[in-house]
Each structure stands twice: as structure tokens, then as C-alpha cells.
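Engineer: this is the structure alone, sequence omitted:
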């Protein structure tokens, strides 16, 4: 399984970025080889329009099975991500990536349906 | 020669809540006593005028903008559409092209630059224009759908509809959105005179200055109505004097007007001083605007 | 960190005065963001020093290079916004109408059109009289796209709050329900709605609530001028119950609020009976947000 996070920094101890479209980084954790990678989202963050859909496209290209985020994507981006059958868990506000991953594993994060 | 162009009056304010709706609705209702009058609510994000005009809103028409619709069978997934869209309204998710109506500005670039015509333009509902008739007063309300982010196309479309179907109304009053950005610019376009409603407070003055600058840049003649006169201080009057901006009326602060407003009543019917203020505003504009 | 956004839908409900008062209560442990960029007023009460200023560019504008232009007219024909005209055969872009879509640039056979960044206003990072930081902006006259500027104001506020380890971000939100409001909402942890007991107040409260619901953010409501119309106040309270919005406080219609504004002060800085009311709002708020974390 590959798990994406919206992240405010570039380590396991970084706090989840509560924003979806204008998140600082996108973190991608691959459970098979336990690798954690980060994608810079600055270009999208500074876009005048449609940051949500642009980020959705970017995340899609990373092909994660699950997305963990804070406030949750707006309605438009949620619709986009639903088309590609990605599971989205949210309300991981104020957690580190590590905590958010554990909470997700323990089934404590709500899913956006 | 008799001029047949209608007199188009915009009611605007830099700041919300200064009494723009109160002035628009009362001015239009009062003026309709002496001839047919059109009132158009262009505050499309928060249209409120209808609360003050008697009668039920009659549904008139859905308003559409053109947006692209993906034709999966024609698409070759070349990716041009998502690259040309500056608004990220068209994105490519693998073999799927997603179109986000709310983000689309309707520029047609993706549709017309698509080599295989896989993104034909289709109408999409962005709002409604409803109508009410109360004796000599005809009222149009332009209302944006919730979640729709762009007010400007609907405002333009409403102006076009008025020009097309309501040109025989000699007096047209437009209640504009607050602020100084694009929706106001669209709303005052082609109007002959802009009434700026303000209140005599530091907030009122600050926003009035911005509104005056905007209207000057657009070359619109303006006049100021000071609402809730008596609260605050006289800095607004001093400013108008310095800038040689006519003060059309000072509507005294009155709890009675505030209470009537809170219940959706037209206050001029009860408050005589308001009626004469409105008369004053209207005659000034009629005498100043030479078509 | 808690990010609180104050919204009202309708203008003139006292949103900015209330936001400034909360900002005073938060003291130096906060970053204040004025996202009401169309009619920014909070500086009149919080007296920021207009410390650091930046030009702000947003969106793009088509520019025609007259030397390269072959006067073919394709750009004028393609532009859906009627932003290109050709008086006397010279093609020109009207910046007020140009939406920056870039279609003309793509179709110009002579490559005479370029898209350039558009100046939209100024952004300031200041210190307020309460010792907090404040990010505020001034939109250029008739400039488009204040949604982007709002996002920028918020991003600056957020980075400052992180860098300076501040507990609170207090955001004076934009009016309406359009693009700027949506920008000011994104990333919020709590929304305070300020309304008044008028037909317009309630109508707009419902409309703005429909937007908030989509963002799944918790909300509380302050009824300002509650004594103006008892029936409407009750109607608002019923709506708050139904919508599960916490009723934070009732504030009466009092000329003291205007007097404070004329002095360039918030209501808790002048002689008035309202300090406890606002302290209570503040503690309810802190309670709500701490509760939410567990």
C-alpha cells in the first residue's frame, strides 16, 4: 500500500498540513519498502486559481491507495479524487505524520465518503 | 430630439452594511409612484432586495455559462486541455479528464484547442434571475448558485438581459455588490451615475475613499449619501467638501429605520424625513445626468 | 495552533469590530490576518505600523507587442471576454476585462502576445498595538482575483505564526460567499459567524452556513444588535440549534461601539460594560478548541 499525506515539512515528525490544495509538501509512504518521500508543492500553492484540483492531479500521479489530510479537500478536489477510487481520511489536524499514520492504522481517522 | 436611453443609476458602497439595500429599495419604490421603475439586485452573492419588495418572487430564468464537457469516446488523452487551462478547471487523472465547472471561466481555450473536439461547450447553470412586479415597480433579482465562485459573468449577463428586455423602463436602479473589486466594476458598467452610500465613521470614510477612487478610474460621476448621520464624526463631510463630491443626502440615524429594516419594511412609508431625502437624491441625479 | 475565521455574509454586522476585539484579547500570542481585502478596515482599530510592504502580483494579463503584431485579428475574435479591441487598426488589451486565460497567446500566429504577471496590490506585515503581528493588504483599484490575495495573506500569517510560535491566527474574513470567502475559510480550525437580527442578516447567515458545511468546519455564532428585533433574534437562535452552531453571545445595539471606532479603539479599550461579554466569548472559544483536540 502507498499512503500520501499533506505535510508541512519533510520528516516523519512534521505536522500534517491541514490544507489540501495549498499544502506545503505531499509525503508518500510506501509500506512495502518502508520508504518515505516528499514532493514539493510550492508551484501549486502559489497558483492564483484551482490549487485544489492541481494538487489532486499531482497526488493522483503519485498513485497512492490512501490519502491522509487535515481539513479535507474542498468539494471539487474530493470529486476529482473519488473518480480514481482513492480512500481519503481526514481530521489529522495537529498530528505528526507518524501519529497520523498510527491513528489511521488503528482506524481512528474518519473517512470522506 | 427626444432621448430614449433609460437613466441607469447604480447604488454602491465601499463597505457592506452601510444601507445600500435600504437606499436602493426605498428609492426605487418611491420613484415608482411617479412612473414605471426597474430595480435590479446585482449583489448576486447576497441578494437581499427581494425581502423589501412586496409579492412573491416569480421564477423567470436559469442563467447559464458555457463550460466544456468531456467526450470520453473522442478523447485521445493528449493532455493539451489540462496544460492550457490557467484555472486548473480541467485536469487529467490518468485516463480520466475531470472538468470543474465552478473554476471554469468559460474562455473556450481547452475546447477549441482540442485537436479532436473532445471538449464541446455546454451550458451550465450558474444562477437565476427572478422577477417580481409590485404595481409600477418591476424588480429583478440576480442570484448566484451557492458554491459558484465567480460573480462577474452573471452580472454581465444580467445587464445584457436588462438591455434586451427592459429597455422601455426609463429609470433603472442597480443595487451593486459591496467592495471595490471586479464584481462592482462589472455592476456599474454602462450606468450613468453612481450613488455611494456610506456612514459617518472611520470605517465608512476609509471605504468611501476606495470606492471614490474606483469610480474615478472608471470615469463615473458620483454622489454620496451619508446614512446614519449623527453617529460618529464629520470626517466624511470634510472629505467630500475637499474632494468636491456632492453630498446628495444625509439620512439621520434612527432606530426606527433600523427596526423597520430588520422586519423587511420599506421605511420611507413611515419616516417622512427619509422620503424627502430620497426625493432630493433623485432630483439631483435627474438634473445632473445629461444623456 | 488555532486558526479562527470570523465571517458574516452580510456586511455591516460588526464583524471587523468584533474581530479586532478578539485580537486585543489574544494579545501578543497571535497573528492577525485581515482577509477583508476589498474593504480592509481592521488597521483603523489595531493600528499596525505598516512595517514591511511588498508588491503583490496575481494572475496574468495579456500584453501585445505592437512590433510583432500582424493585425490579423484572431486574438480579438477568440477573446470571450471582449478584452481586445482594435481602434484605428491597433490591437489592444483592456486590463479591466482581461481574465488572463491565455487563449490569445496560444492562438497568435505571430507570437506577439505574452502573458505577464498583473500588479494587484500591496501586502503588509506589521506589528499591532497589542504586540501581535498583523498581515494585511490593499487591493489595487478594480484589481481582480482577491481570492488569491486572501490565500497569500493567510499563508504569510501562517508562516509567521509557525516561525514565531504563536498560538492563534485570527482572520477577519471576506464578505459574500464567493471566491475570497472560500479562500479565507480554507485551513480554518473554527469559524465565528457574526450576524444581526434582520431579515437580510438571517438570510445571509443561512447562505454562508451552506458554504461552511461543505468545509466541515465547526462554527459558533455571535448575534450582534440582538435587541433590535426580538422575533428575528429568536428565529436566528432556532436556526443555530437546527444547524448545530454554538451560540456564543448576544451583543446589544449600542452607540458605544461607534464611539470606540471613532476613537480608533476596540470596545474593551473604552469605558463600557462589554469587556466581560468578550472575555466570556474568548473562554468559550478556547474551551471549544481544546475540546476538539482530544
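Structural biologist: Cool, the structure landed. Owing to the predicted nature of the structure, the values given are computational and were not obtained by experimental measurement.
Engineer: please make it C-alpha for all contacts and neighbour counts, starting now.
Structural biologist: Will do.
Engineer: okay, now the unreliable bits of chain A?
Structural biologist: Scanning chain A for pLDDT under 70 picks out A:45-48.
Engineer: and residue C:116, that's in a strand?
Structural biologist: Yes. If the criterion is DSSP: H, G, I helix; E, B strand; the rest coil, then residue C:116 is within a strand.
Engineer: so is the helix or strand hosting residue C:134 next to chain A?
Structural biologist: Assessed by DSSP states H and E, residue C:134 sits inside strand C:133-139. No. Applying Cα under 8 Å from any Cα of the partner chain, one finds strand C:133-139 separated from chain A by no less than 14.7 Å.
Engineer: ok, that strand: who's next to it in the sheet?
Structural biologist: Using DSSP bridges, strand C:133-139 pairs in its sheet with strand C:30-34 (parallel), strand C:113-127 (antiparallel).
Engineer: hmm, who's touching it?
Structural biologist: Residues from elsewhere that reach strand C:133-139, judged by Cα atoms under 8 Å, 6 or more residues apart in numbering or on different chains: B:181, C:28, C:30-35, C:37-38, C:40, C:48, C:120-128, C:146, C:149, C:153-154, C:156-157, C:160.
Engineer: swap in 7 Å and give it another go.
Structural biologist: Here strand C:133-139 makes contact (Cα atoms under 7 Å, 6 or more residues apart in numbering or on different chains) with C:30-34, C:37-38, C:48, C:120-128, C:153, C:156-157.
Engineer: next: stretch C:239-247.
Structural biologist: By Cα under 7 Å, 6+ apart, stretch C:239-247 touches C:219, C:220, C:221, C:222.
Engineer: for chain A, state which of the residues you listed is nearest.
Structural biologist: The shortest approach to chain A among the contacts of stretch C:239-247 belongs to residue C:219, at 13.9 Å (Cα to the nearest Cα).
Engineer: surely that closest one is in contact with residue C:188?
Structural biologist: No. Counting by Cα atoms under 7 Å, residue C:219 does not reach residue C:188; the two are 10.3 Å apart.
Engineer: quick one on the thing from earlier: okay if I get the strands paired with strand C:133-139 as TSV plus mean pLDDT, mean neighbour count and distance to residue C:54?
Structural biologist: Listed next are the strands paired with strand C:133-139 as TSV, based on pLDDT from 0 to 100; neighbours: other Cα atoms under 10 Å in any protein chain shown; distance: least, Cα to Cα, whole Å:
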stretch	mean pLDDT	mean neighbour count	distance to residue C:54
strand C:30-34	96	31	15
strand C:113-127	92	19	5
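Engineer: which residue packs closest to the closest residue to chain B within the stretch 101-250 of chain C, ignoring adjacent ones?
Structural biologist: Of all residues in the stretch 101-250 of chain C, residue C:198 sits closest to chain B, at 3.8 Å by Cα to the nearest Cα. Excluding its sequence neighbours, the residue lying closest to residue C:198 (Cα to Cα, 6 or more residues apart in numbering or on different chains) is residue B:262, at 3.8 Å.
Engineer: around chain B, pick out the residues from chain A.
Structural biologist: A:49, A:50, A:53, A:54, A:57, A:60, A:76, A:80 (Cα under 7 Å from any Cα of the partner chain).
Engineer: and the two most separated of these?
Structural biologist: Of all pairs drawn from the residues of chain A next to chain B, the widest gap by Cα to Cα lies between A:49 and A:60 and measures 18.7 Å.
Engineer: neighbour-wise, which of the residues of chain A next to chain B leads?
Structural biologist: residue A:53 (31 neighbours; other Cα atoms under 10 Å in any protein chain shown).
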